[in-house]
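Student: Below are the sequence and a predicted model; questions follow.
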Amino acid sequence: MSDTGSELVRVVIVDDHAMFRSGVRAELGDSVQVVGEAEDVPTALAVIAAQVPDVVLLDVHLPGGGGLQVIAGSVGTPARFLALSVSDAAQDVIGLIRAGARGYVTKTITGPELVAAIRRVADGDAVFSPRLAGFVLDAFAGGPVPTMDDDLDRLSAREREVMRLIARGYAYKEVGKELFISVKTVETHVSSVLRKLQLSSRHELTRWAADRRLL
């Protein structure tokens, strides 16, 4: 489907941060028609069923489950799913694509780029942020794809997001801004991550994440 004519692409935004959803709405402007929002899995399933959008902008990690549960619960809907997430970890990307998402872009994407990605997905194309395409190609070509390990399984979804940003060199304030949480909350998550992984510093955390191709 294309919105070059009189009919705009109908979009539902699924993300657990109200401020982020508002920001996405503002970036999309009048280029698409946002017909609904949801902050968790049950709400997302209800909105998708009621509105039958063309495209669902879907975060990976949500209260009540995650993007995988939203896709699984929407079997039969004509909606196409485009993941929009702060996470660019291979296991998240591959998991969503294998579940049926048509694309995966990170939250560093610009407004015009996001509009273009939505339109392409609505038209049946697959869309990925540049560095994520390699993960997908490796997965479907039978190449090695990083998998979860026991250490990573100990971390909550939010702790994984914080861990990846800290390991990339983000300051606590920058992490808070990226994830819409306070600096104090970031500090709490970092302490928990270091304790669970039995690491003593950000330097060790960066090396740990790099060894697992999580950066």
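Tutor: Yep, it's here.
Student: Next, the spatially most central residue of the chain: phi, psi?
Tutor: Taking Cα atoms, centre = their mean as the criterion, residue 85 is the residue nearest the geometric centre of the chain, at 2.1 Å. When read as degrees, to the nearest 10, the backbone of residue 85 gives phi -140, psi 150.
Student: now the strands for the chain?
Tutor: 10-14, 33-38, 55-58, 61-62, 65-66, 80-85, 103-106, 127-128 (DSSP state E).
Student: Now do the third one: which elements does it pack against?
Tutor: On a contact count with 3 or more Cβ pairs under 8 Å, 6 or more residues apart in numbering; DSSP states H and E, strand 55-58 meets strand 10-14, helix 41-51, helix 67-72, strand 80-85, helix 111-122. All C-beta spots, glycine's among them, are computed from the backbone N, C-alpha and C.
Student: Now with 10 Å, please.
Tutor: Contacting strand 55-58 under the criterion 3 or more Cβ pairs under 10 Å, 6 or more residues apart in numbering; DSSP states H and E are the following elements: strand 10-14, helix 18-28, strand 33-38, helix 41-51, helix 67-72, strand 80-85, strand 103-106, helix 111-122.
Student: Quick one: find the helix or strand in the chain with the lowest mean pLDDT.
Tutor: Using mean pLDDT, DSSP states H and E, the weakest-scoring helix or strand in the chain turns out to be helix 133-140, at a mean of 59.
Student: what comes into contact with the lengthiest helix in the chain?
Tutor: The single longest helix within the chain, with elements called by DSSP state H, is helix 183-197. Under the contact criterion Cβ atoms under 10 Å, 6 or more residues apart in numbering, helix 183-197 has outside partners 151-156, 158-163, 165-167, 170-179, 181-182, 199-202, 204-205, 208-209.
Student: Okay, and which of the residues you listed map to helices?
Tutor: Reading helices off those with DSSP H, I get 151-153, 158-163, 165-167, 172-179, 202, 204-205, 208-209.
Student: Buried residues in stretch 15-24, which are they?
Tutor: 15, 16, 20, 21, 23, 24 (16 or more other Cβ atoms under 10 Å).
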